[in-house]
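**Student:** Here is the input, now give the coordinates:
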Amino acid sequence: MKSFWNQRYGAAQYAYGVEPNKFYKEQLIRLKPGKILFPGEGEGRNAVYAATLGWEVTAFDSAENGKIKADMLADLNEVKIDYILDDAEDVILRKNYFDCIVFIFVHLPAEKRRLFHRKMMSKLKPGGMVIFEGFAKKQLEFNTGGPRNLGMLFSKEEIWEDFSTQMQELNVLELETKINEGEFHQGISQVIRFVARKN
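**Tutor:** Prediction:
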């Protein structure tokens with residue numbers, strides 16, 4: 001997968017644009033800035049946006065070309081982000097440290113998904129927030145972005161199983177929406193979203 005993402009991020013243009021994800025942006029502006037984590041951050045559009053609002057940003061991804069583009073975008077916006085080159089299984093982060101973790105279209109193989117989510121949740125402070133948006137399994141009916149592998153897409157039940165024991169007032173929503181994020185996320189899509197607070 002690393003080679004796939006390096007190839008995608010190797011082009012001059014930003015694969016998913018330079019503007020933050022719309023749902024995430026609407027949620028983040030409601031929160032007081034603190035320490036925030038972006039797993040699978042790619043080219044940095046969401047991390048850089050948080051930094052412009054005064055958040056202390058940590059992000060990680062395994063693709064070197066993603067980090068290069070993210071650092072360029074941060075420089076353009078005159079902000080700093082701490083971008084770690086590592087994958088989901090190996091990345092080392094402090095436990096109970098972050099005030100917010102943002103998952104925006106972070107899709108892993110099914111056999112790794114739950115362990116990854118639980119690992120990330122251990123990095124979130126009690127009372128910290130999660131902002132989540134990903135493609136639902138029904139997204140296979142559309143050709144507007146996301147993995148073409150059913151096992152890498154989400155169901156409400158899977159997300160509930162991964163997060164419900166640790167989150168307060170978890171309300172997982174599946175809905176159809178129009179996305180406009182660069183070349184590879186365009187058009188009507190089926191997504192899963194939630195915002196919740198850690199116990």
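
**Student:** how about the nearest residue to Trp160 once chain neighbours are set aside, phi and psi?
**Tutor:** The spatially closest residue to Trp160, leaving aside those adjacent along the chain, is Val172, at 5.5 Å (CB to CB, 6 or more residues apart in numbering). Glycine gets a C-beta too; all of them are placed from N, C-alpha and C. Geometry field for Val172 lists phi and psi as phi -90, psi 120, criterion degrees, to the nearest 10.

**Student:** Over to Lys178. Which of the three states is it?
**Tutor:** Reducing the assignment at Lys178 to three states with DSSP: H, G, I helix; E, B strand; the rest coil gives strand.

**Student:** Next, the contact list for it, please.
**Tutor:** Neighbouring residues of Lys178 by CB atoms under 8 Å, 6 or more residues apart in numbering: 187-189.

**Student:** Recalculate using a threshold of 6 Å.
**Tutor:** Residues counted as contacts of Lys178 (CB atoms under 6 Å, 6 or more residues apart in numbering) are Ile188.

**Student:** Then Asp87?
**Tutor:** Shown here is Asp87, whose contacts under the criterion CB under 6 Å, 6+ apart are Ser62.

**Student:** Next one: it from Lys137, what distance?
**Tutor:** 24 Å (CB to CB, to the nearest Å).

**Student:** Give the buried residues for the lengthiest strand in the chain.
**Tutor:** Of all the segments of type strand in the chain, defined by DSSP state E, the longest one is strand 185-198. Neighbour-count burial for strand 185-198, counted by 16 or more other CB atoms under 10 Å, picks out 185, 189-198.

**Student:** quick one on the thing from earlier: for burial, what's the neighbour tally of the residue nearest to Trp160?
**Tutor:** Each residue near Val172 was counted by other CB atoms under 10 Å, and the total is 20.

**Student:** check contacts around Ser189.
**Tutor:** By CB under 6 Å, 6+ apart, Ser189 lies in contact with 139, 142, 144, 179.

**Student:** I'd say the third one and Gly187 touch.
**Tutor:** Spelled out, that is Thr144. Yes - using CB atoms under 6 Å, Thr144 is in contact with Gly187, at 3.7 Å.

**Student:** List the neighbouring strands of the longest strand of the chain plus their orientation.
**Tutor:** strand 124-135 (antiparallel), strand 167-168 (antiparallel), strand 173-181 (antiparallel) (DSSP bridges).

**Student:** Let me know which of those is tucked in deepest.
**Tutor:** For those, the stretch with the most neighbours on average is strand 124-135, a mean of 20; neighbours defined as mean count of other CB atoms under 10 Å.

**Student:** Specify the next element, helix or strand, located C-terminal of that one.
**Tutor:** Scanning forward in sequence from strand 124-135 by DSSP states H and E, the next helix or strand is helix 156-163.

**Student:** Could you measure from Cys100 over to Pro33?
**Tutor:** As it turns out, when the distance is counted by CB to CB, Cys100 lies 9 Å from Pro33.

**Student:** Okay then, goodbye and thanks.
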